[in-house]
Each structure stands twice: as structure tokens, then as C-alpha cells.
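# got a predicted structure plus its sequence, pasted below:
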Amino acid sequence: MPRRISWIKGALKDFQAFPEAVQDQMTTALRLAAHGEKADRAKPMKGLGTGVFEIALASHGNAYRAVYAVQLGEEVWVIHAFQKKSIQGRKTPKPEIDLIRERLKRVKEMVP
């Protein structure tokens, strides 16, 4: 049985603003995670603990990211989704990391 995919409300809202093709590819990666697998596009996020992954996609010159956690209860939690607009290269901007940390903390507090 696959695990349920749960969303932080803000992450879902941002995800739904992504282009449809990006949403489709990310949804495929999330479904793999729900089945206990990892998509090629999913990479561990350093500094956020084990079980936190980032899906990174490029589309029409834009960069899109979704961050999910697999070790929070029985569900796969989508913590954050954003369009990367940083000029810092591949590095995720600090405000995005701070938001991910805060949301992870919130989910950990509410998941048994």
C-alpha cells in the first residue's frame, strides 16, 4: 500500500501555481516516494535531517522546487513548493530554508 501524500496548505497553494507539466512531473516523483522509492530528480536536502528531499525541475528557463519529508509519521509530507528566483546559483536561498525548517518543526509537532 502506498503512503498518503499530505500537504502543508501553503505548499499546495504554491504548487498549484506551477505550470501543469511541472506539476505532473513532481506528482510522479511524489507518488514514487509514497511507494517507498526515490525519483531520479529527488535529492536529499543537506542540513535538514534525514528523510527530507528536494525535487528540482527546470521549465522554460525557470526553476521549480518541492521539498518533502518521508520520515514524519505514516505519510509523505510536502513541506514547501517554490519557484527559485535566486541569483546564488544552485543554492537554495536562506529565507526558503528558514521557511522549510519552520514548517518541518510544525509538522513534527502535530504528527504522532
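Here it is on my side, so go on.
# name the SS class of the nearest residue to T28 once chain neighbours are set aside, please.
The shortest distance from T28 to any non-neighbouring residue, by CB to CB, 6 or more residues apart in numbering, is to A39 (6.9 Å). C-beta: built from backbone N, CA, C; applies to glycine. Recorded secondary structure, A39: coil (DSSP: H, G, I helix; E, B strand; the rest coil).
# per-residue confidence for A39?
At A39, the model reports a pLDDT of 94.
# that one against A29, yeah?
Yes. At 3.6 Å, A39 and A29 qualify as touching, with contact defined as CB atoms under 8 Å.
# what sits in contact with each of those two?
Contact criterion CB atoms under 8 Å, 6 or more residues apart in numbering; residues shared by A39 and A29: I55.
# looking at these two, which one has more neighbours?
A29 (21 against 16; other CB atoms under 10 Å).
# quick one, what contacts the most centrally placed residue in the chain?
Centroid-nearest residue in the chain, with CA atoms, centre = their mean: V67, separated by 1.7 Å. Contact analysis of V67 by CB under 8 Å, 6+ apart lists A11, M45, V52, F53, E54, I55, V78, I79, H80, A81, I100.
# check the gap between it and V111 for me.
For V67, the distance to V111 equals 16 Å [CB to CB, to the nearest Å].
# A11 too?
Distance, A11 to V111, by CB to CB: 15 Å.
# neighbour count for those two, which is higher?
Neighbour comparison, A11 and V111: the larger count goes to A11, with 22 against 14 (by other CB under 10 Å).
# point out the other helices and strands that the longest helix anywhere in the chain packs with.
What stands out as the longest helix in the chain, according to DSSP state H, is helix 94-110. Here helix 94-110 touches strand 62-72, strand 75-84, going by 3 or more CB pairs under 8 Å, 6 or more residues apart in numbering; DSSP states H and E.
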